[in-house]
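1. Below are the sequence and a predicted model; questions follow.
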Amino acid sequence: MVQSSVLGFPRMGGNRELKKANEAYWADKLSRDDLLKEAKRLRLEHWKIQKDAGVDIIPSNDFAFYDHILDHIQLFNAIPDRYSKHSLHPIDEYFAMGRGHQKDGVDVPSLEMVKWFDSNYHYVKPTFQDGQTFKLSEKPKPVVEFLEAKEAGINTRPVLIGPVSFLALGKADRGQSVDPISLLDKLLPVYVELLEKLKAAGAETVQIDEPVLVYDLAPKVKAAFKPAYEKLVGDKLPKLVLATYFGDIVHNFDVLPSLQSVYAIHIDLVRNPEQLESVVGQLASNQILSAGVVDGRNIWKTNFKRAIELVETAIQKLGKDRVIVATSSSLLHTPHSLDSEKKLPGEVKEWFSFAVQKTAEVVTIAKAVTDGPASVREALEANAQAMQSRASSARTNNQAVKDRQSKVTEAMHERQSPFPERYAQQKTHLSLPLFPTTTIGSFPQTKEIRIQRNKFTKGEITAAEYEKFIEKEIQDVIKIQDELKLDVYVHGEPERNDMVQYFGERLDGYVFTTNGWVQSYGSRCVRPPIIVGDISRPAPMTVKESKYAASISSKPMKGMLTGPITCLRWSFPRDDVHQSVQAQQLALALRDEVVDLEAAGIYVIQVDEPALREGLPLRAGREREKYLSWAVDSFKLACAGVKDSTQIHSHFCYSEFQDFFHAIAALDADVLSIENSKSDAKLLKVFEDKAYPRHIGPGVYDIHSPRVPSEQEIKDRINEMLAYLKPEQLWVNPDCGLKTRQWKETKAALTNLVNAAIFYRQKYAS
Ligand SMILES: CN1c2c(nc(N)[nH]c2=O)NC[C@@H]1CNc1ccc(C(=O)N[C@@H](CCC(=O)N[C@@H](CCC(=O)N[C@@H](CCC(=O)O)C(=O)O)C(=O)O)C(=O)O)cc1
Ligand SMILES: N[C@@H](CCS)C(=O)O
Ligand SMILES: [Zn+2]
């Protein structure tokens, strides 16, 4: 029999209950006990959904209050002393690492948070010390949650991050020089102890994720697999299913011999179906293949015909008992359930599958290959019908968009003059001081803003009332920026629910969900809009608010747009048209917006591209260069329609620039603001080494934490930056937008930021 398996389930709950519980706990509005109870309720509910769907292999320990890698940091006691020394309750220590802690005399910033592979999920980076040791926590979470499920009558397969990935995804702490992978020998005994405990609790198999196998690996990381999996396999330990996802593992085949004693290998056959044959050829004689054929990263219904063909190919080689049908990755990256979507056009809804539906898909595919297609005939027919309906739908094609794309020229990608000439004009036009201060766009999205928007969406207030409310918000943020004495203002983005969803809702070719939330980091979720057809802009999207803001202030007002790659990557893209085509369609729509903003008197325009890095293929090589070429082109196409005197900014958070700096430089943006406060300023060296000629604002403080940075801290950060950048190049700004913050801490932090900038302005005045 072919078993069905889910690699991980979304944690938030159908109504984002986990988000609400976490945030209430942080605000002292929910007790610790009630938080724990709510988490347990959600875990049980999610296991039950999978059990009722008939899934054979259900994951446990896929739940996390904040992030699963952070869970492992605590599980192995890899907790930096600056957190552990305060003897906080374990859950508060955990949140302190995730989001910082500034309360009751404890003041500690969070650990660094970075992108999870090429997804819009963020993990907390393990941070190691010279002399690092590990110790299993007293009540290991994977054991507790396995027993919790067992007590409810559900046998689960616990999920762990593997030791090689745990170390390779981490870094040495600031000022430390330890190479994380060198800690393997110290870490393995703790894994063995944990696996023994899981076995004793009754876990027969454990899913051990080693997603780093899809990367190009340094030789010492590759070499770590052999000693690791020699120690982690044995009679006294559960059988291991080693899982990889988001790429192929063919280039790391030399690692597979050292993995021949693990029970099963899971591969992502959605992303790389072509790896099937060669991976099957590399398996040991009794090893099992977990075939990831249901997409964990997108919302399109699985094409059953194609998936069954793939699984059948594997069965022909291995036999039914050596194949598991699985999701390609954890379903963490998909929304909870399609059932709560009442407003999607009926035709379109038929094309989608969210987490709950995907669990049913793995079951259907497993049954089809076990008992034959006739056993699931109705499901197969309905699926074929949905595939057909989508392929032939009028929604997907817009000839006018295609015609416009065919007329795009090289010249449309270039500004009129090179940067020095543009800058000379911008300097006179904008009259900015040295060390200009600005923010990244959004100001706090207060409860009141969300309530008014909710009322407007539900029709409880009119468009005119909502517009008036937004204008008042804009007036307020302008007044605050006056008081703070910032240099380049923003309108604060109060009208935007999200920087991608907002644009999706104003573009043709998109549809949106009402409840399709996906966790982005911690308690923060996004509702990615869905690209179903060719994209075009029926009307200006942001001009009204920016123009209004500019009309009530004499300061330069920065217009705020989300760039084509970010719109693409943070939406659920089409899978029937190449992403470069979708990016170009978005670029043309944004180009019109940029030109309209300039015509409306907005002479500084920021086109955010934080997802540019995320779209980068995970392995170096030709595919990367191809991607960068069309991604950079789409940004330039969006921006290049303006005059030299208009200043184009771009913003990047969560980006490591070293490996694609040439692309950042090729964007030709006049000013870049980048996330930097959690990184070592040394990372800026690349800008110095490459003699980056344009202007740059490396973030001076972390906006993900409510913690207020002191003026001195910000001065220190600027001072570090000055080691690599010229004073006349440097802007002073936070790491990212301020939408998740409260006003109190925002004002305090920006006051310190402006004072720090003034200090350096005076210092370099002469
Ligand atoms: C910059 N980042 C972003 C990423 N991806 C995006 N798509 N957008 C981003 O901004 N990726 C990288 C980073 C990740 N950072 C963030 C930062 C902040 C959030 C965030 O704040 N998310 C909000 C939800 C935002 C939203 O869509 N809000 C809507 C709906 C609000 C809502 O929940 N309404 C209630 C009713 C109103 C009430 O009573 O409060 C409801 O529907 O139940 C809106 O404002 O209208 C979050 O709260 O998680 C995400 C990623
Ligand atoms: N302009 C956006 C960028 C976030 S990456 C904001 O300020 O929220
Ligand atoms: Zn940002």
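-> Alright, I've got the coordinates. Numbering: from 1, shown residues only. Ligands and ions are numbered 1, 2, ... in the order given.
2. what about stretch 594-605, near ligand 2?
-> No - contact of stretch 594-605 with ligand 2 (Cβ under 6 Å from any ligand atom) is absent, the minimum separation being 11.7 Å. To be clear about C-beta, it is placed using only N, CA and C from the backbone, and glycine gets the same treatment.
3. For that stretch, buried residues please.
-> Of the residues in stretch 594-605, 594, 595, 596, 597, 598, 600, 602, 603, 604, 605 count as buried by neighbour count, 16 or more other Cβ atoms under 10 Å.
4. What of stretch 453-466?
-> 453, 456, 461, 466.
5. out of the residues you listed, who's nearest ligand 1?
-> Proximity of those to ligand 1 (Cβ to the nearest ligand atom) peaks at residue 453, which lies at 4.3 Å.
6. which stretches of the stretch 651-766 of the chain have low pLDDT?
-> Along the stretch 651-766 of the chain, segments meeting pLDDT under 70 span 654-655, 678, 766.
7. ok, now which ones touch the residue of it found nearest ligand 2?
-> As assessed by Cβ to the nearest ligand atom, ligand 2 sits closest to residue 737 within the stretch 651-766 of the chain, at 2.0 Å. By Cβ atoms under 8 Å, 6 or more residues apart in numbering, the contact list for residue 737 reads 439, 440, 441, 442, 493, 499, 703.
8. who wins for neighbours among those residues?
-> Within those, neighbour counts (other Cβ atoms under 10 Å) peak at residue 440, which reaches 27 neighbours.
9. Just the pLDDT at that residue, thanks.
-> Per-residue confidence (pLDDT) for residue 440: 98.
10. Run through the residues of the stretch 451-600 of the chain sitting next to ligand 2.
-> Checking the stretch 451-600 of the chain against ligand 2 by Cβ under 6 Å from any ligand atom, the hits are 499, 560.
11. In three-state terms, label the closest residue to ligand 3 within the stretch 451-600 of the chain for me.
-> Nearest to ligand 3, among the residues of the stretch 451-600 of the chain, is residue 499, at 8.3 Å (Cβ to the ion). What DSSP: H, G, I helix; E, B strand; the rest coil gives for residue 499 is coil.
12. wait, isn't it in contact with residue 566?
-> Yes - at 7.5 Å, residue 499 counts as touching residue 566 under the criterion of Cβ atoms under 8 Å.
13. Now for those two: what residues contact both?
-> residue 608.
14. Among the buried residues of stretch 453-466, which lie within helices?
-> Among these, DSSP state H puts 453, 456, 466 in helices.
15. of all the residues you listed, which comes closest to residue 208?
-> Distance to residue 208, by Cβ to Cβ, is smallest for residue 453 among those, at 43.2 Å.
16. So what's the residue count around the nearest residue to that closest one once chain neighbours are set aside?
-> Distances taken as Cβ to Cβ, 6 or more residues apart in numbering put residue 497 closest to residue 453, at 6.5 Å, once the chain neighbours are dropped. Close neighbours of residue 497, defined as other Cβ under 10 Å, add up to 18.
17. Now for residue 591: which residues touch it?
-> Counted by Cβ under 8 Å, 6+ apart, residue 591 has contacts 412, 637, 638, 639, 640, 641.
18. burial count for residue 43?
-> So residue 43, with other Cβ under 10 Å, has 24 neighbours.
19. same question but for residue 639, I mixed them up
-> Look at residue 639: counted by other Cβ under 10 Å, it has 28 neighbours.
20. Please report how far it lies from residue 405.
-> For residue 639, the distance to residue 405 equals 18 Å [Cβ to Cβ, to the nearest Å].
21. Then residue 484?
-> Distance from residue 484 to residue 405, by Cβ to Cβ: 43 Å.
22. more crowded one of those two?
-> The neighbour comparison of residue 484 against residue 405 (other Cβ under 10 Å) goes to residue 484, with 17 against 14.
23. Quick one: residues contacting that one.
-> By Cβ under 8 Å, 6+ apart, the residues touching residue 484 are 747, 750, 751, 754.
24. Can you tell me the element the last one falls in?
-> Secondary structure here is read from DSSP states H and E; on that basis residue 754 sits in helix 743-763.
25. That helix - contacts with which helices or strands?
-> Secondary structure elements in contact with helix 743-763, counted by 3 or more Cβ pairs under 8 Å, 6 or more residues apart in numbering; DSSP states H and E, are helix 463-484, helix 711-721.
26. got the buried residues for stretch 628-639?
-> Of the residues in stretch 628-639, 628, 630, 631, 632, 633, 634, 635, 636, 637, 638, 639 count as buried by neighbour count, 16+ other Cβ under 10 Å.
27. Likewise for stretch 756-766?
-> If you call a residue buried by 16+ other Cβ under 10 Å, then stretch 756-766 has these buried ones: 756, 757, 758, 759, 760, 761.
28. list the contacts for the residue of the stretch 451-600 of the chain closest to ligand 3?
-> Contacts for residue 499 (Cβ under 8 Å, 6+ apart) come out as 441, 442, 493, 562, 566, 570, 608, 737.
29. Narrow the residues you listed to those in strands?
-> 562, 608 (DSSP state E).
30. ok, so of the contacts of residue 499, who is nearest residue 538?
-> Using Cβ to Cβ, the contacts of residue 499 come closest to residue 538 at residue 562, 17.2 Å.
31. hang on, the closest one packs against residue 605?
-> No - assessed by Cβ under 8 Å, residue 562 is found out of contact with residue 605, at 12.0 Å.
32. Can I get the helices and strands packed on helix 743-763 in TSV including distance to ligand 3?
-> Shown next, in TSV, are the helices and strands packed on helix 743-763 (distance: least, Cβ to the ion, whole Å):
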stretch	distance to ligand 3
helix 463-484	18
helix 711-721	17
